[in-house]
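>>> Can you look at this prediction? I've put the sequence above it.
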Amino acid sequence: MQKYTIVVCDHIHTAGLEMLQNDENVNFIMAADEPKDKLVKEIIPQADVAITRSSTDVDDFFLEHATNMKALVRAGVGVDNVDIPGCSKQGIIVMNVPTANTIAAVELTMAHMLSCMRMFPYSHDHLKNQRIWKREKWYGHELKGKKLGVIGFGNIGSRVAKRAKAFEMDIVAYDPYIHPSKVTDLDMTYTKNFEDILACDVITIHTPKNKETIGIIGAEEIAKMKDGVVLVNCARGDLYNEDALYDGLKSGKIRFAGIDVFGKEPATDNKLLDLDNIVVSPHLGANTYESQYNIGTQAAENAIAAAKGISYPNALNLPIDESKIPSFVKPFLEMGQKIGFLASQINKSQIISIKVTGNGEIGEYVDSLSTFVTVGAMSQSSDKINYVNADFIAKEKGIKIEAENLGDSNVYKNLITAKLTTAEGTTTISATIFDDGVQRMVAINGFENEVALKGHMVLFKNSDVPGVIGNVGMTLAKHNVNISDFSLARNANKEALAVILVDDKVDETTLKELAALDACLNVSYANI
Ligand SMILES: NC(=O)c1ccc[n+]([C@@H]2O[C@H](COP(=O)([O-])OP(=O)(O)OC[C@H]3O[C@@H](n4cnc5c(N)ncnc54)[C@H](O)[C@@H]3O)[C@@H](O)[C@H]2O)c1
Ligand SMILES: O=C(O)CC[C@@H](O)C(=O)O
């Protein structure tokens with residue numbers, strides 16, 4: 001049985017660790033408590049996939065030892081500590097878990113904002129630790145009626161803005177990369193003029209950390225701000241220049257700052273900590289049980305899918321220019337990989353050709369789709385295949401790859417079809433994504449079975465005679481296999497195909513018993 005090594009480099013929720021532990025194809029190494037030097041030199045060389053958080057830098061040193069690695073999952077949003085071009089050069093697919101900690105970061109931002117306005121941690125300390133009851137010392141300010149400048153109106157920034165609006169603040173948002181209506185539809189002000197942000201009473205930043213945003217607030221910007229401005233940063237250290245922030249706080253130009261993130265972490269010797277008009281937390285934006293559960297389980301699920309070559313959810317270094325593809329295309333690419341993988345399990349044999357077609361708007365992206373289908377189809381036979389090398393390796397093996405845009409679709413808004421021909425036969429699978437976002441197969445080998453592309457499935461083809469479904473159900477029940485979904489389709493040749501989603505892996509003995517049923521034409525098992 002093929003085993004993949006997944007190394008967990010930083011602490012993730014135990015639910016995620018259990019998923020890794022329980023997967024029979026996964027050899028999982030928990031290395032979060034290992035010294036970084038040992039982790040990188042001794043453990044990383046074994047990894048097919050690594051899961052990291054902000055405490056592990058994926059830099060030259062890491063990559064030099066990641067000799068086996070084909071994918072890396074950043075259990076969180078920010079990838080500023082991951083050398084993505086370096087990973088691409090080594091054929092390592094980088095994925096993040098982009099929205100699982102959004103709410104945790106949003107709520108921490110609100111906590112910082114309120115703490116700055118009311119100096120809450122200081123009055124708490126006064127009473128609780130110093131036992132001083134001095135109400136006249138702790139006059140704060142209200143959020144109501146104040147102008148909040150939001151820099152970066154993405155997942156977190158936009159939600160902070162909504163919550164701040166509930167506090168009756170006036171919101172001004174600066175984000176050159178979004179459509180202004182995303183802001184104005186919420187009855188907030190959109191600006192392209194950064195000076196409008198500098199004129200606000202409270203400023204919060206929610207951009208990624210990159211060349212453009214490092215130091216986006218420096219001494220010059222602070223000088224232009226209102227006296228007594230409040231600044232919050234729960235995104236990344238160094239977005240506010242720390243020296244300028246320190247000087248502004250020291251002089252009182254900045255009344256208060258709420259800071260979760262620092263240029264250098266751990267930040268125990270940061271000079272900002274010496275000030276008494278700052279509220280700080282040790283990079284806790286993602287630290288809620290809810291968010292860590294979501295991140296841990298999604299990171300584990302994605303790492304397992306990547307190790308097996310099923311899919312690379314939220315891949316950040318795709319071999320296509322992401323700025324040129326609309327957002328609806330990405331899930332279709334992921335689904336393309338899944339149907340390639342499914343087809344290769346049904347027809348396990350040497351691959352001869354792969355043909356991918358697209359109907360509807362998705363048809364324009366059929367070349368990229370064919371790369372993804374190829375990765376899925378070949379990952380059973382090659383554990384080195386990825387988006388970067390798929391076309392090259394397929395060519396080397398003499399596999400013919402074709403892609404065709406079929407134009408408008410009569411039935412589905414968008415439809416992709418993969419036809420995989422192996423030495424044993426041909427499997428053709430069509431799939432689409434409806435408005436509910438679920439990736440669904442809608443046809444297989446001429447049968448119109450509709451079923452979600454997820455989990456364990458049994459494909460049972462039979463002569464269309466009475467009593468077959470009952471016998472199949474009984475056989476599965478006898479072997480303790482629980483059915484979660486059942487889709488039946490028939491064709492004009494008096495044949496039927498059942499695609500049965502089940503809770504667990506189906507073993508060879510069960511499959512043999514199913515194959516021995518009178519009406520059975522063939523049966524196969526697949527897992528995606
Ligand atoms: N403190 C924590 O523990 C914690 C937790 C989660 C996320 N984060 C950080 O929060 C930040 C935001 O995360 P998100 O999930 O909202 O990301 P996101 O990608 O959804 O949003 C980022 C937004 O910033 C905008 N942006 C990019 N460059 C900009 C620029 N120069 N000026 C203005 N806007 C710009 C983008 O257009 C986008 O809308 C990231 O830095 C992330 O790493 C921190
Ligand atoms: O907890 C972490 O690893 C950091 C989380 C956060 O900063 C992120 O970018 O997702």
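Thanks, I have it. Numbering: from 1, shown residues only. Ligands and ions are numbered 1, 2, ... in the order given.

>>> what stretches of the chain score poorly on pLDDT?
Applying pLDDT under 70 to the chain flags residues 319-323, 383-384.

>>> which other helices and strands contact the lengthiest helix in it?
Ordering each helix of the chain by length in residues (DSSP state H) puts helix 289-308 first. Helices and strands touching helix 289-308, by 3 or more CB pairs under 8 Å, 6 or more residues apart in numbering; DSSP states H and E, are strand 4-8, helix 14-22, strand 49-52, strand 71-74, strand 93-96, helix 102-118. C-beta here means a position set from N, CA and C on the backbone, and glycine is covered the same way.

>>> same thing but 7 Å
strand 4-8, helix 14-22, strand 49-52, strand 71-74, strand 93-96 (3 or more CB pairs under 7 Å, 6 or more residues apart in numbering; DSSP states H and E).

>>> Could you export these as JSON lines, including mean neighbour count?
Below are those laid out as JSON lines (neighbours: other CB atoms under 10 Å):
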{"stretch": "strand 4-8", "mean neighbour count": "24"}
{"stretch": "helix 14-22", "mean neighbour count": "17"}
{"stretch": "strand 49-52", "mean neighbour count": "28"}
{"stretch": "strand 71-74", "mean neighbour count": "29"}
{"stretch": "strand 93-96", "mean neighbour count": "24"}
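
>>> Make JSON lines from these and add distance to residue 228 to it.
Converted to JSON lines, these look like this (distance: least, CB to CB, whole Å):
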{"stretch": "strand 4-8", "distance to residue 228": "45"}
{"stretch": "helix 14-22", "distance to residue 228": "44"}
{"stretch": "strand 49-52", "distance to residue 228": "40"}
{"stretch": "strand 71-74", "distance to residue 228": "38"}
{"stretch": "strand 93-96", "distance to residue 228": "37"}
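
>>> Adding distance to ligand 1 as columns, could you present these in CSV?
Listed next are the helices and strands packed on helix 289-308 as CSV, based on distance: least, CB to the nearest ligand atom, whole Å:
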stretch, distance to ligand 1
strand 4-8, 19
helix 14-22, 17
strand 49-52, 14
strand 71-74, 10
strand 93-96, 9
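
>>> and the longest helix of the chain, how far from the chain's centre?
The chain centre lies 9 Å from the centre of helix 289-308; the measure is CA atoms, centre = their mean, to the nearest Å.

>>> May I see the buried residues of that helix?
291-308 (16 or more other CB atoms under 10 Å).

>>> before we move on, what about stretch 25-39?
Buried, per 16+ other CB under 10 Å, within stretch 25-39: 26-32, 39.

>>> try stretch 64-82
Here stretch 64-82 shows 65-66, 68-82 as buried, counting by 16+ other CB under 10 Å.

>>> again, but for stretch 305-322
Judged by neighbour count (16+ other CB under 10 Å), stretch 305-322 contains these buried residues: 305-320.

>>> Among those, which one sits closest to residue 239?
Using CB to CB, residue 316 is the member of the buried residues of stretch 305-322 that lies nearest residue 239, at 19.9 Å.

>>> quick one, phi psi at the most centrally placed residue in the chain?
By CA atoms, centre = their mean, the mean C-alpha position of the chain lies nearest to residue 97, the distance being 3.1 Å. Dihedral angles of residue 97 (phi, psi; degrees, to the nearest 10) stand at phi -120, psi 90.

>>> what does residue 225 give?
Torsion angles, degrees, to the nearest 10, at residue 225: phi -80, psi 170.

>>> shouldn't it be in contact with residue 196?
No: using CB atoms under 7 Å, residue 225 makes no contact with residue 196, being 11.8 Å away.

>>> and ligand 1, which of the buried residues of stretch 25-39 contact it?
Checked against ligand 1 using CB under 6 Å from any ligand atom, those yield no neighbours at all.

>>> List just the nearest of these to ligand 2.
residue 32 (11.3 Å; CB to the nearest ligand atom).

>>> Contact residues of the chain facing ligand 1?
Selection of the chain residues close to ligand 1 by CB under 6 Å from any ligand atom yields 77-78, 101-102, 105, 151-157, 174-178, 206-209, 212-213, 234-236, 260-261, 283, 285-286.

>>> Of the residues you listed, which are in range of ligand 2?
Filtering the residues of the chain next to ligand 1 for proximity to ligand 2 by CB under 6 Å from any ligand atom leaves 77-78, 101, 285-286.

>>> what ranges do the helices span in the stretch 401-528 of the chain?
Ranges of helices in the stretch 401-528 of the chain, per DSSP state H, counting those that start in this stretch, are 468-478, 508-515.

>>> closest one to residue 217 among those?
That would be helix 468-478 among these, by CB to CB, at 61.5 Å.

>>> For the residue nearest to the centre of the chain, which non-adjacent residue is closest in space?
Leaving aside its chain neighbours, residue 97 sits nearest to residue 298 (4.7 Å; criterion: CB to CB, 6 or more residues apart in numbering).
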